[in-house]
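1. Curious how this folds, go ahead:
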Amino acid sequence: MTQQIFFLRHATAEDRLLAPVDADRTLIDKGHRQTRAVARFCQRQTLLPARLLCSPLVRALETAVQFCDELPDCPRPQVVDWLKIDTPTAQALAGLREQAAQTDGPLWLVGHEPDLSLLISRLLGSELPIVRIKKASLTCLEIEPDRSTPGRLLWSIPCALMG
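-> Below is the predicted model:
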């Protein structure tokens, strides 16, 4: 049985040089506008998560919460540690497969680079990064959670084209 997995990179946050702690960086106005644009796009395309997972870092959590607030009937985000920065890809892949097996319908992940690109690349069958995810972009894969066969990239859209 196939399942769609959506990857949403967090929206634009404070410059890392201006924040005392990277994990505490918050979204800036541009990031809030990007998140609204993604939510409007998803509403127009009738894209709705069955389950929404996010990194515990502030910018990812803010993106997930605002996305949820802007999109009617969106489930509240659940924080998972395996989506935080620098989680080994094998650990993130195990967490994803476990969550996918427990989820009927589209599973959405809100996280960071380069981790999302590495996870997507692994799901597509590559040990090397073969994609690069821009801020506030949305990528959709189709996988078979109970098999280790490579998934399929259905589409990837940067926020700038969601207008």
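2. Can you give me the buried ones in the lengthiest helix in the chain?
-> For the chain, the helix that runs over the most residues, judged by DSSP state H, is helix 29-44. Buried residues in helix 29-44, defined by neighbour count with 16 or more other C-beta atoms under 10 Å: Gly31, His32, Gln34, Thr35, Arg36, Ala37, Val38, Ala39, Phe41, Cys42. (Glycine included, C-beta is placed from N, CA and C.)
3. Contacts for the lowest-mean-pLDDT helix or strand in the chain, please.
-> Between all helices and strands in the chain, the lowest mean by mean pLDDT, DSSP states H and E belongs to helix 89-101, at a mean of 94. Applying C-beta atoms under 8 Å, 6 or more residues apart in numbering, the set of residues contacting helix 89-101 from outside is 3, 5, 51, 53, 80, 82-83, 107, 109, 115, 118-119, 122-123, 143, 145-146.
4. Could you list the buried residues of that helix?
-> Under 16+ other C-beta under 10 Å, the buried positions of helix 89-101 are Thr89, Ala92, Leu93, Gly95, Leu96, Arg97, Gln99, Ala100.
5. Mind checking what helix or strand follows it in sequence?
-> Tracing the chain past helix 89-101, the next element assigned as helix or strand by DSSP states H and E is strand 107-111.
6. So for Ala11, what's the pLDDT?
-> Note on Ala11: pLDDT of 98.
7. hang on, the earlier thing: just want the angle from the least confident helix or strand of the chain to strand 107-111.
-> Helix 89-101 and strand 107-111 meet at an angle of 150 degrees, taking axes from the mean of the first three to the mean of the last three C-alpha atoms, to 10 degrees as the criterion.
8. returning to that earlier point: want to throw the buried residues of helix 89-101 into a markdown table with distance to Leu71?
-> A markdown table is the format used below for the buried residues of helix 89-101 (distance: C-beta to C-beta, whole Å):
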| residue | distance to Leu71 |
| --- | --- |
| Thr89 | 29 |
| Ala92 | 24 |
| Leu93 | 27 |
| Gly95 | 24 |
| Leu96 | 22 |
| Arg97 | 26 |
| Gln99 | 20 |
| Ala100 | 21 |
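9. if we can go back for a sec, buried members of the contacts of helix 89-101 into ChimeraX, please.
-> The following ChimeraX line selects those of the contacts of helix 89-101 that are buried, judged by 16+ other C-beta under 10 Å:
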select :3,5,51,53,80,82,83,107,109,115,118,119,122,123,143,145
